[in-house]
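[1] Starting from these lines, generate the structure:
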Amino acid sequence: MRLGELLGLKWQYVNFTDGTITVEETLQKTYVFDDNLNKSLQDVQQTPKTENGVRVIPLPSSLVPKLKEQRKTQLENRLKYGESYHISDYVFTDEIGRTIDNKRPNRTLQAILKKLDINPIKFHGLRKTYATRLFENGVPPKTVQTLLGHADIQTTLNIYTQVMEEEKYKAVDTLNSIFSF
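    Numbering: from 1, shown residues only. Modelled structure (predicted):
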């Protein structure tokens, strides 16, 4: 999922019974100017980037308990903070229920990578890794395109996949077996 799609994910779009997430909205924090040209940071909800961005994504079974734990934590925080808690349907919020800043997931990712002594990648790089790993495991390009919400298969093939060294050698081995006499 795109970062804006994750930030805009609401509980009403998480179906634990079917094990799916429906992508219907994105959320961005954007500066808005009032009539006096004073700026303030506000949440702006939009439809996904492309028509194909509206989609149903199967949830990996390993994520279901994590999402249920997130929901439980939000309900506990709502009781803990009472009237100070910002009631919303968003899946990803801070401790008092506010939507999170667009930069927070990337900062969190960088901290985790540093702790694990892994080279830094941007949050968006997770999408590329996801696509590449799906291709490596034989998932058809059209399926990967649908999961990523791309309008054009070329975007999926040209930008979101990387040829791995091992795959190049497999291709050569395939040619060797075809042309061996």
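[2] Model confidence for V163, exactly?
    V163 is assigned 65 on the pLDDT scale.
[3] whoops, E166 was the one
    Value for E166, per-residue pLDDT: 73.
[4] which residues does it contact?
    By C-beta atoms under 8 Å, 6 or more residues apart in numbering, no residues touch E166. Every residue, glycine included, has its C-beta placed from N, CA and C.
[5] before we move on, what about L7?
    Counting by C-beta under 8 Å, 6+ apart, the residues that L7 touches are 26-28, 90, 92, 99-100, 102, 105.
[6] again, only this time at 10 Å
    1, 25-29, 43, 45, 90-93, 99-102, 104-105 (C-beta atoms under 10 Å, 6 or more residues apart in numbering).
[7] what does I96 give?
    Per C-beta under 10 Å, 6+ apart, neighbours of I96: 77-78, 80-81, 84-86.
[8] Show me the domain layout of the chain.
    Per the record, the chain has its domains at 1-119, 124-181, by automatic domain parsing.
[9] Least reliable of the ones you listed by average pLDDT, please.
    domain 124-181 (a mean of 84).
[10] Against which helices or strands is the helix ranked longest in the chain packed?
    Scanning the chain for the helix with the most residues, using DSSP state H, yields helix 64-81. Helix 64-81 sits against strand 14-15, with contacts defined as 3 or more C-beta pairs under 10 Å, 6 or more residues apart in numbering; DSSP states H and E.
[11] Please name the strands paired to the helix or strand just after the strand it packs on in the sheet, noting orientation.
    For strand 14-15, the succeeding helix or strand toward the C-terminus, using DSSP states H and E, is strand 20-23. Applying DSSP bridges, strand 20-23 is found paired with strand 14-15 (antiparallel), strand 55-58 (antiparallel).
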